[in-house]
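Enquirer: Curious how this folds, go ahead:
(one chain, ligands or ions: 2)
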Amino acid sequence: MIKVGVLGARGRVGVEVCKAVAAADDLELVAEVDKGDPLDALTGAEVVVDFTHPAIVMGNLEWCVSHGIHTVVGTTGFDAGRLETVRGWLAANPGTNSLIAPNFGIAAVLMMHFAAQAAKHFESVEIVELHHPHKADAPSGTARRTAELVARARREAGLGPSPDATTTALDGARGADVDGVHVHAVRLAGLIAHQEVILGGEGETLTIRHDTMNRASFTPGVLLGVRRVQGLDGLTVGLERLLDL
Ligand SMILES: NC(=O)C1=CN([C@@H]2O[C@H](COP(=O)(O)OP(=O)(O)OC[C@H]3O[C@@H](n4cnc5c(N)ncnc54)[C@H](OP(=O)(O)O)[C@@H]3O)[C@@H](O)[C@H]2O)C=CC1
Ligand SMILES: O=C(O)C1=N[C@H](C(=O)O)C[C@H](O)C1
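Expert: Numbering: from 1, shown residues only. Ligands and ions are numbered 1, 2, ... in the order given. As a prediction, the model looks like this:
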């Protein structure tokens, strides 16, 4: 049995993670921690899952790593600087590992993978992500990661920037520039989490779309991470490393 603690346990995703952990025969839910609860409640956990908020996840991670607890992190807001900081904490606590993934949905991971594969074949690419209006960060962690993977694939293929003759625009009209890829963020009641990667070339376009229908969809990926994190080495970014992609 792996002893699992959940941070953000009363949140939209945390509730689903708690249910999935409690239902798994090989996992034991030993702590459900949310805002206002002491982190000490996590002391008995071997693995902690974090779905909280970009503003507080770093403090949670530092506490877990310094207590030798492996972490599976879905909370977004990680840039290169934050990842480097986490690497430093893990290096100071050998044998403690962390899996940080902007999306634990298997289909979402495949969407990112297919987008990176397609990127080298098209002159143009832009990303549109669409989420519920309670989301704190824009663009989404998934969109940022997709843009980075697409940009790397384009660089490796020797492609330059996507063509764009815009010389005058309202602020934000062309979206955010992530590694040279334009990313547009929609926030709309009724949505959960969705993304389109639109690729264009001579006379044709390809749209790769992913839709999240409910938040239980994240739990198979989270449980995979919980089961595998102890066997990883330091920091792993992205669930794709566990999916043989
Ligand atoms: N990687 C992935 O697959 C996915 C990632 N996410 C990301 O996960 C994060 C959480 O998303 P979501 O569940 O929708 O958000 P919610 O706001 O529904 O849940 C976050 C929970 O964390 C609680 N919280 C706030 N501060 C603390 C604290 N200091 N200690 C413990 N708990 C705290 C919140 O309490 P309160 O509401 O009182 O502030 C809330 O209950 C976001 O960054 C989101 O982008 C979401 C879906 C999938
Ligand atoms: O906040 C959300 O809801 C989600 N956040 C993650 C992100 O920022 O990519 C994953 C998914 O899109 C849902």
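Enquirer: list the contacts for R154?
Expert: Contacts for R154 were tallied using CB atoms under 8 Å, 6 or more residues apart in numbering; they are A119, K120, V125, G180. For the C-beta atoms, the positions are set from N, CA and C on the backbone; glycine is no exception.
Enquirer: same question, A115
Expert: Counted by CB under 8 Å, 6+ apart, A115 has contacts V125, T146, L149, V150, V197, L199, I208.
Enquirer: The chain: strands as residue ranges?
Expert: 2-7, 27-33, 47-50, 70-73, 98-100, 124-131, 176-178, 181-187, 193-201, 204-212, 235-237 (DSSP state E).
Enquirer: can you list those strands in TSV and add distance to ligand 2 and mean neighbour count?
Expert: Output for the strands of the chain, formatted as TSV (distance: least, CB to the nearest ligand atom, whole Å; neighbours: other CB atoms under 10 Å):
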stretch	distance to ligand 2	mean neighbour count
strand 2-7	15	26
strand 27-33	19	20
strand 47-50	13	28
strand 70-73	11	27
strand 98-100	12	26
strand 124-131	6	21
strand 176-178	12	15
strand 181-187	10	18
strand 193-201	3	20
strand 204-212	6	15
strand 235-237	13	18
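Enquirer: closest one to S162 among the ones you listed?
Expert: strand 124-131 (4.2 Å; CB to CB).
Enquirer: How about the lengthiest helix in the chain and ligand 2, touching?
Expert: Counting by DSSP state H, the longest helix found in the chain is helix 141-156. Yes. Helix 141-156 lies within reach of ligand 2 by CB under 6 Å from any ligand atom, at G141, T142.
Enquirer: Turn the strands of the chain into JSON lines, including distance to ligand 1 and mean pLDDT.
Expert: Listed next are the strands of the chain as JSON lines, based on distance: least, CB to the nearest ligand atom, whole Å; pLDDT from 0 to 100:
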{"stretch": "strand 2-7", "distance to ligand 1": "5", "mean pLDDT": "98"}
{"stretch": "strand 27-33", "distance to ligand 1": "6", "mean pLDDT": "98"}
{"stretch": "strand 47-50", "distance to ligand 1": "8", "mean pLDDT": "98"}
{"stretch": "strand 70-73", "distance to ligand 1": "8", "mean pLDDT": "98"}
{"stretch": "strand 98-100", "distance to ligand 1": "9", "mean pLDDT": "98"}
{"stretch": "strand 124-131", "distance to ligand 1": "8", "mean pLDDT": "98"}
{"stretch": "strand 176-178", "distance to ligand 1": "16", "mean pLDDT": "97"}
{"stretch": "strand 181-187", "distance to ligand 1": "12", "mean pLDDT": "98"}
{"stretch": "strand 193-201", "distance to ligand 1": "7", "mean pLDDT": "98"}
{"stretch": "strand 204-212", "distance to ligand 1": "8", "mean pLDDT": "98"}
{"stretch": "strand 235-237", "distance to ligand 1": "11", "mean pLDDT": "98"}
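Enquirer: Now the residue nearest the centre of the chain: closest residue in space that isn't a chain neighbour?
Expert: Residue closest to the mean C-alpha point of the chain, counted by CA atoms, centre = their mean, is P102 at 0.3 Å. Distances taken as CB to CB, 6 or more residues apart in numbering place G141 nearest to P102, at 3.3 Å, with adjacent residues excluded.
Enquirer: Could you do L42 as well?
Expert: G5 (4.2 Å).
Enquirer: Close to ligand 1: what parts of this protein are there?
Expert: 7-8, 10-14, 33-35, 51-54, 56, 74-76, 101-104, 141, 218.
Enquirer: returning to what we had before: my guess is the residue nearest to the centre of the chain meets G238, correct?
Expert: Yes. Proximity of P102 to G238 meets the contact threshold set by CB atoms under 8 Å, at 7.5 Å.
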